[in-house]
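Engineer: Below are the sequence and a predicted model; questions follow.
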Amino acid sequence: MKEDYIASLFEEHRAHLDVHETPQGHQARFMGRLQETPVTRQRTAWWKPLTVAASVILVLSLGMFSWKGQSAESDLASISPEMAQTQSFFTTAINDELSKLKSLESQDTKQLVEDALQQLTILETEYQSLKEDLVVSGSDKRVIAAMVSNLQNRISLLEHVLSKVEEINNLKATQNELIL
């Protein structure tokens, strides 16, 4: 029904639509071109190398930005203000305990203090590894918990060694008092 309407519409207005006569032989030329084998044109595709170059530049620049982002060192302070306070508290406590330990160091406790410092170096190395994991993991809670645990272990180690050093020094002092 719709096709009949359109066909009848064209028939009614045919006089208005056919304004120009086609040139003589036009239909024969057109049919001849249709039957010819299509000739492939050699287009110069100068834009293709440009798109490849632009893609390479884009990938390299994204790689550089992500590499710079990963090479940036991250720690607890970079996560949140609360974590910054936590890190500051632990760092201050560790430094205080370390300075107390060094001030109480004597000839009798020298080996104990050196062992403690060696253990602290190992814990610091593990902490650096956790900082790298934090960058890679994108602030994974497990890594954060491991970092806090590492700081707690350092304080515990220092407190334990400090109590042993004080115990040795007190024992030495009481033995010297008995001798006098």
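Structural biologist: Nice, thanks for sending it over.
Engineer: pull the longest helix from this structure.
Structural biologist: Taking DSSP state H as the criterion, the chain has its longest helix at helix 141-179.
Engineer: So for that one, mean pLDDT?
Structural biologist: Mean per-residue pLDDT for helix 141-179: 83.
Engineer: and what of stretch 11-23?
Structural biologist: Computed over stretch 11-23, the average pLDDT equals 74.
Engineer: Counting by contacts, list what the longest helix of the chain packs against.
Structural biologist: Applying 3 or more Cβ pairs under 8 Å, 6 or more residues apart in numbering; DSSP states H and E, we find helix 141-179 packed against helix 81-104, helix 110-137. (Each C-beta comes from the backbone N, C-alpha and C, glycine too.)
Engineer: What's the local residue count around the nearest residue to Thr109 once chain neighbours are set aside?
Structural biologist: Distances taken as Cβ to Cβ, 6 or more residues apart in numbering place Val165 nearest to Thr109, at 4.6 Å, with adjacent residues excluded. By other Cβ atoms under 10 Å, the residues close to Val165 number 22.
Engineer: related to what we said a few turns ago, the helices and strands packed on helix 141-179: which one's closest to Arg29?
Structural biologist: With distances scored as Cβ to Cβ, the stretch of the helices and strands packed on helix 141-179 nearest to Arg29 is helix 110-137 (69.5 Å).
Engineer: Flag every buried residue along that closest one.
Structural biologist: Buried residues in helix 110-137, counted by 16 or more other Cβ atoms under 10 Å: Leu112, Val113, Ala116, Leu117, Leu120, Leu123, Tyr127, Leu130, Lys131, Leu134, Val135.
Engineer: what's in contact with stretch 87-94?
Structural biologist: Asp75, Leu76, Ala77, Val148, Leu151, Gln152, Arg154, Ile155, Leu158 (Cβ atoms under 8 Å, 6 or more residues apart in numbering).
Engineer: For the second one, give me its contacts.
Structural biologist: With contact taken as Cβ under 8 Å, 6+ apart, Leu76 is in contact with Met83, Ala84, Thr86, Gln87, Ile144, Met147, Val148.
Engineer: what's around Ala54, how many residues?
Structural biologist: Residues contacting Ala54 under the criterion other Cβ under 10 Å number 10.
Engineer: separation between it and Met64?
Structural biologist: Using Cβ to Cβ, to the nearest Å, one obtains 16 Å as the distance from Ala54 to Met64.
Engineer: Centre of the chain to the longest helix of the chain, how far?
Structural biologist: Centre-to-centre, helix 141-179 and its host chain are 37 Å apart (Cα atoms, centre = their mean, to the nearest Å).
Engineer: ok and that helix relative to helix 110-137, angle-wise?
Structural biologist: Inter-element angle recorded for helix 141-179 and helix 110-137: 170 degrees (by axes from the mean of the first three to the mean of the last three Cα atoms, to 10 degrees).
Engineer: buried stuff in helix 141-179?
Structural biologist: Residues of helix 141-179 classed as buried by neighbour count (16+ other Cβ under 10 Å): 143-144, 146-148, 150-151, 154-155, 157-158, 161-162, 165.
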